[in-house]
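>>> From the sequence below, what's the structure:
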Amino acid sequence: MSWYSLELGDGRDASSAQIEGAWMAMVQSAVKAGKKPDHSLAVFRRGESGAGPVTMYFTPAAEAVAKVFGAVECGKPSPPGIVLFLGDARVWDIHFPSEHDETLPGRVWQFSRTSSPG
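From the prediction side, this is the model:
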């Protein structure tokens, strides 16, 4: 299963807000269909808006959202310097189990907009 990446440019391409909107629509659709949450589903970000290039990384489970925005297949990103943009915080243990050190440079542990207890 492949990861996908998308470079966010100077406003001519997809924005993080558009990605978040598509994500929320997908999650709401799954909830309405009675599906259990897939904790491997996530989007990571490297870089900050206005401070150079921003790359979004979509996990293999997020392929449908990635393809909506024309993301291209890529290898799994290295954890230093990426932050969880969308998804459940448990995704770190799913995709980066050997990188569990919370003190890694650039590693930000955060609860996402779609996190749920348990």
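
>>> Grab the longest helix from this structure for me.
helix 16-32 (DSSP state H).

>>> Return the set of buried residues in that helix.
Residues 19, 20, 22, 23, 26, 27 are the ones in helix 16-32 that count as buried (16 or more other Cβ atoms under 10 Å). Glycine gets a C-beta too; all of them are placed from N, C-alpha and C.

>>> Turn those residues into JSON lines, columns for pLDDT.
Listed next are those as JSON lines, based on pLDDT from 0 to 100:
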{"residue": "19", "pLDDT": "89"}
{"residue": "20", "pLDDT": "89"}
{"residue": "22", "pLDDT": "88"}
{"residue": "23", "pLDDT": "86"}
{"residue": "26", "pLDDT": "85"}
{"residue": "27", "pLDDT": "84"}
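
>>> any idea which of the residues you listed is the one closest to residue 61?
residue 26 (10.6 Å; Cβ to Cβ).

>>> who are the neighbours in contact with the closest one?
For residue 26, the contact set (Cβ atoms under 8 Å, 6 or more residues apart in numbering) comprises 64, 65.

>>> separation between it and residue 39?
15 Å (Cβ to Cβ, to the nearest Å).

>>> How about residue 54?
24 Å.

>>> who has more neighbours, the two?
residue 54 (19 against 16; other Cβ atoms under 10 Å).

>>> Can you list phi and psi of the more buried one for me?
phi -120, psi 130 (degrees, to the nearest 10).

>>> Please apply the same query to the one 3 residues further on.
Residue 57 has phi and psi values of phi -120, psi 120 when expressed as degrees, to the nearest 10.

>>> you'd agree it is up against residue 77?
Yes: contact criterion Cβ atoms under 8 Å: residue 57 and residue 77 qualify, at 4.8 Å.

>>> Now the common contact residues for the two.
With Cβ under 8 Å, 6+ apart, residue 57 and residue 77 have common neighbours 3, 5, 44, 46.

>>> Give me the neighbour count for the last one.
So the one you mean is residue 46. With other Cβ under 10 Å as criterion, residue 46 counts 18.

>>> Does it touch residue 77 like I think?
Yes: between residue 46 and residue 77 a contact is recorded at 6.7 Å, counting by Cβ under 8 Å.
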